[in-house]
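Engineer: Just need the structure, nothing else, for what follows:
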Amino acid sequence: MIIQIEKLKLCTLNNFKLINFFLYILFFNIYFPNHLNDFLFTTDSLYEQGEYKKTFILLSDEYEKSSNDVRIAFRYARSIFMLANIEKNIHKQNELYYYGFAKAQEALLLDTNNVYSNFWYASYLGKIGQIEGFEKSILNSYKMKEYATKAIKLDPDFSPSYHMMGRWHYELSSLNFFEKIFAETIYGELPNSSYDQAVSFFEKALEIEPKNIRYNFWLAKVLSATNNNEKAISLHKRIVNLESRDTEEAEIISKSKKIIRENER
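Structural biologist: The predicted structure follows:
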């Protein structure tokens, strides 16, 4: 139900721009029926521009007709994830994540060797772990690593998989002594992780996408955790000169500006 309400609500935002946008899409669908490749290009372009609400609405309609096409399925799961990521209401956000998790599972079942299906399934495992608490987060971390690693093997040039593994190593390495003891008591030996590995994965992601704001920020974060503050600050200075494409990246830029100011005191 929340998904239908969300679609209706989104349609009321920036009405004139949205109406013109969807009239164009309607015209395109009528006069160019064999449009799938162009449709996928359009949704990917909107995603890259941070237009997650438009992407979600477009893919919601297409998913109803083409849910068995993995190209539509993983993009639909992706659109839900990004929509949830910018949702401010925690209850709605969690519902979107659980709904999207189910869709990511369906996409993975359609093609277990699709890099994007593996990546987005791993992404949802991480989010569901965060929602359900520490124990679930640790439990999901094993599967998350499995699917992220598989995504890297399937496409070594897909940078988000390296970033995910960087965060995986960072988060596990950041557990305090009591958290590690608690986790090992319940689940046995924790997966091997290190800040050095986190740095390696973040740097690999940046080799592919050097201007990605999230990648730069998380590398700076792990460098700060290992007392490499000079390199961390240089990354924050790079971040503030980059252009954000969504609200999360804008918030990251603000955080980097604050860190730079505090360092200059």
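Engineer: any low-confidence regions in this structure?
Structural biologist: For the chain, the stretches with pLDDT under 70 are 1-34.
Engineer: According to the record, where do the domains of it fall?
Structural biologist: Listed domain ranges for the chain are 1-111, 210-265 (source: automatic domain parsing).
Engineer: Please render those as a markdown table that adds mean neighbour count and distance to Lys127 to the earlier fields.
Structural biologist: Heads up, the C-betas are built off the backbone N, CA and C, glycines and all. Listed next are the domains of the chain as a markdown table, based on neighbours: other Cβ atoms under 10 Å; distance: least, Cβ to Cβ, whole Å:
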| stretch | mean neighbour count | distance to Lys127 |
| --- | --- | --- |
| domain 1-111 | 16 | 5 |
| domain 210-265 | 16 | 14 |
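Engineer: Gly166: which of those is closest?
Structural biologist: When the domains of the chain are ranked by distance to Gly166, counting by Cβ to Cβ, first place goes to domain 210-265 at 6.2 Å.
Engineer: And the helices in the stretch 1-150 of the chain?
Structural biologist: Secondary structure of the stretch 1-150 of the chain (DSSP state H, counting those that start in this stretch): helices located at 2-11, 15-31, 36-48, 52-66, 70-86, 90-110, 115-132, 134-154.
Engineer: List the contacts of stretch 178-195.
Structural biologist: Contacts with stretch 178-195, where a contact means Cβ atoms under 8 Å, 6 or more residues apart in numbering, come from 134-135, 138-139, 141-142, 145, 168-170, 172-173, 175, 222, 225-226.
Engineer: Only the buried members of the residues you listed: can you turn that into a PyMOL selection?
Structural biologist: Selection of buried members from these for PyMOL, criterion 16 or more other Cβ atoms under 10 Å:
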select buried, resi 138+139+141+145+168+169+170+172+173+175+222
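Engineer: just the contacts of stretch 178-195 now: which is nearest Arg261?
Structural biologist: Ala225 (20.1 Å).
Engineer: residue contacts, that closest one?
Structural biologist: Ala225 makes contact with 170, 174, 195 under the criterion Cβ under 8 Å, 6+ apart.
Engineer: again, 10 Å this time
Structural biologist: Applying Cβ atoms under 10 Å, 6 or more residues apart in numbering to Ala225 gives the contacts 170, 173-174, 195, 198-199, 232.
Engineer: Could you give me the buried positions within stretch 113-131?
Structural biologist: Neighbour-count burial for stretch 113-131 flags 114-129 (criterion: 16+ other Cβ under 10 Å).
Engineer: Excluding chain neighbours, what is closest to Asp111?
Structural biologist: Val70 (4.3 Å; Cβ to Cβ, 6 or more residues apart in numbering).
Engineer: Oh, that last question was meant for Phe158, not what I typed.
Structural biologist: Using Cβ to Cβ, 6+ apart, the closest residue to Phe158 is Val115 (5.7 Å).
Engineer: correct me, but that neighbour touches Leu154?
Structural biologist: Yes: using Cβ atoms under 10 Å, Val115 makes contact with Leu154 at a distance of 4.0 Å.
Engineer: residues bridging contact with those two, i.e. touching both?
Structural biologist: Ser161.
Engineer: ok so, going back, test my guess that the residue nearest to Asp111 contacts Lys103.
Structural biologist: No: the pair Val70 / Lys103 is not scored as a contact, 11.5 Å apart, by Cβ under 10 Å.
Engineer: okay but Tyr97 is in contact with Asn85, surely?
Structural biologist: Yes: using Cβ under 10 Å, Tyr97 makes contact with Asn85 at a distance of 8.9 Å.
Engineer: Now the common contact residues for these two.
Structural biologist: The contact sets of Tyr97 and Asn85 overlap at 123, 127 (Cβ under 10 Å, 6+ apart).
Engineer: give me phi/psi at Asp157?
Structural biologist: Note on Asp157: backbone dihedrals following degrees, to the nearest 10 are phi -100, psi 10.
Engineer: Distance check, it against Trp168.
Structural biologist: Distance, Asp157 to Trp168, by Cβ to Cβ, to the nearest Å: 19 Å.
Engineer: got it, and Asn229?
Structural biologist: From Asn229 over to Trp168 the distance is 24 Å, taken as Cβ to Cβ.
Engineer: Noted, bye for now.
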